[in-house]
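1. sequence and predicted structure, then a few things I'm wondering about:
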Amino acid sequence: MKNCAIVCEYNPFHTGHKYQLDCVRELVPNNIFCVMSGAFVQSATPAFCEKSLRAECALLGGANAVIELPAVYATASAQAFAEGALKIISGIKNITHMAMGAVFDSSDILKLADIKIKHASQFSTELKKHLKSGKSYNAANAQAFAALCETIYGGQCNAELILADPNAILCIEYICAIDKYAANIEPLIIKRRGEQYNSDNRNGDYISATAIRNAEIDGKLNSVKKYIPYKFDEIAAWRNYHAPDINCYKNMAVYALKTSSPNQIKNLRNCSEGMEFLLKDMSNLYDFDEYIDKAIGKRYSKKRLYRLFFDLLLNIDKSTTEKKFCTRLLACKNDFDFTLLPSCVKTNNADIKFSAEHDSDIRAVLDIDLKATALFNTLCRLNGDYFNYSLIKL
């Protein structure tokens, strides 16, 4: 038996995702497991629509099972995002492959991953050197890779260009996480079709999820209907009634900052290098976007700052990603074999609650999911909580 895993957000599911699943199905004949973010995605913003809709689209597109990636990993930086997913994937029985999408040649991505795996000490030294010079983490990371790529491979891959693409960064981290948690798994890098990540072009055979989200913001979701192959009417209706109130989210984040001490901020997952003082020094501000704009120029990326505010709202500290956890199976095909699931993946609420009652680590990570769901439902004007969910079967 050959089973394949895909880490995804499906925010929302579009024809490019369907293409990837079709490619995987041709190469790996048995089960496709999707490990998908829930209420919030990696940018630490609310998902485009609720996880049940996105999970159902994944099944319709060819997945056999969809597992929820806990919020503490789903909203993390690339390395923690990848490692959280691999902690789940490594426990799937008969897992042989992990698929990932990339714009660039797989050989170049494998070279960069190889640098991080086999030359970790040199890479760490080079990264620290560029960070000390005042560069942002992303810039320092790219230049560290470029320097070692020149030394080891004679500069045969354009590291800085590749590392400007978030999907390529994720691919590298996936491969590193595979090496750390499940070296028997083979990376399956599938060439991405159509527009690049974050492109707003709304024409062609394939467009990005960003373009679809922007079309909806512009009131033109119908103009990109052909790129949403499943559940379009349900997604459109959900957005019409329950689109998250982003302004409310931003105001709540500013309130969380203003009511936190520097010491509380310092202990958060995404805080380092004195970020707590930078933000508290701007405490006269009341506009979320102004906080972000002013802090970006101080060497921090927009996504990192969004994640820090998310950490403030949910009180996610630095130890959380090191804890043991359990999660839920969101959806599966009617004939799915449940014995393939890892022990950390539960199929009903009773088992999740039982695990949390008997393990403080599991309880701490689950608490983040409870808060994330409560926040998402508040922003979307929805009733219920994390446990108001039933397994979807098709």
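-> That came through, no problem.
2. okay, buried residues for stretch 273-284 please.
-> Of all the residues in stretch 273-284, those buried under the rule 16 or more other Cβ atoms under 10 Å are Met275, Glu276, Leu278, Leu279. Yep, even glycine has a C-beta here, placed from its N, CA and C like the rest.
3. SS state for the nearest residue to Leu341 once chain neighbours are set aside?
-> Distance criterion Cβ to Cβ, 6 or more residues apart in numbering; nearest residue to Leu341, sequence neighbours excluded, is Leu329 at 6.5 Å. Assigned by DSSP: H, G, I helix; E, B strand; the rest coil, the conformation of Leu329 is strand.
4. packing partners for whatever helix or strand Gln143 lives in?
-> According to DSSP states H and E, Gln143 maps onto helix 137-153. Applying 3 or more Cβ pairs under 8 Å, 6 or more residues apart in numbering; DSSP states H and E, we find helix 137-153 packed against helix 106-118, helix 120-132, helix 159-162.
5. need the contact partners of it.
-> Under the contact criterion Cβ atoms under 8 Å, 6 or more residues apart in numbering, helix 137-153 has outside partners 111-112, 115, 119, 122-123, 126-127, 129-131, 133, 135, 155-157, 159-160, 163-164, 299-301, 304.
6. if we go to 6 Å?
-> Residues from elsewhere that reach helix 137-153 (Cβ atoms under 6 Å, 6 or more residues apart in numbering): 111-112, 115, 123, 126-127, 130-131, 155, 157, 159-160, 163, 301.
7. if we can go back for a sec, just tell me which of the helices and strands packed on helix 137-153 ends up closest to Asn267.
-> For those, the distance to Asn267 is smallest for helix 120-132, at 21.0 Å, taking Cβ to Cβ.
8. ok and the closest one relative to helix 137-153, angle-wise?
-> Interaxial angle, helix 120-132 versus helix 137-153 (axes from the mean of the first three to the mean of the last three Cα atoms, to 10 degrees): 140 degrees.
9. what's helix 120-132 in contact with?
-> Ile115, Lys116, Ala140, Gln143, Ala144, Ala147.
10. try stretch 10-18
-> Here stretch 10-18 has contacts from 41, 47-48, 54, 57-58, 61, 194, 206, 209, 227-229, using Cβ under 6 Å, 6+ apart.
11. send the alpha carbons of it over as CSV?
-> Only the C-alpha atoms of stretch 10-18 are listed here, as CSV (Å, rounded to 0.1, in the frame of the first residue of the first chain):
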residue,chain,number,x,y,z
TYR,A,10,-7.5,25.2,0.9
ASN,A,11,-8.3,28.8,1.6
PRO,A,12,-10.4,28.3,-0.5
PHE,A,13,-10.1,25.0,-2.5
HIS,A,14,-9.5,25.9,-6.2
THR,A,15,-8.6,24.3,-9.5
GLY,A,16,-4.9,24.4,-8.8
HIS,A,17,-5.5,22.3,-5.7
LYS,A,18,-7.6,19.9,-7.8
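12. for the record, mean pLDDT for that stretch?
-> Averaging pLDDT along stretch 10-18 gives 97.
13. run a quick neighbour tally on the closest residue to Cys344 other than its chain neighbours.
-> Counting by Cβ to Cβ, 6+ apart, Cys344 lies nearest to Cys326, which is 4.8 Å off, once chain neighbours are set aside. Using other Cβ atoms under 10 Å, Cys326 has 22 other residues around it.
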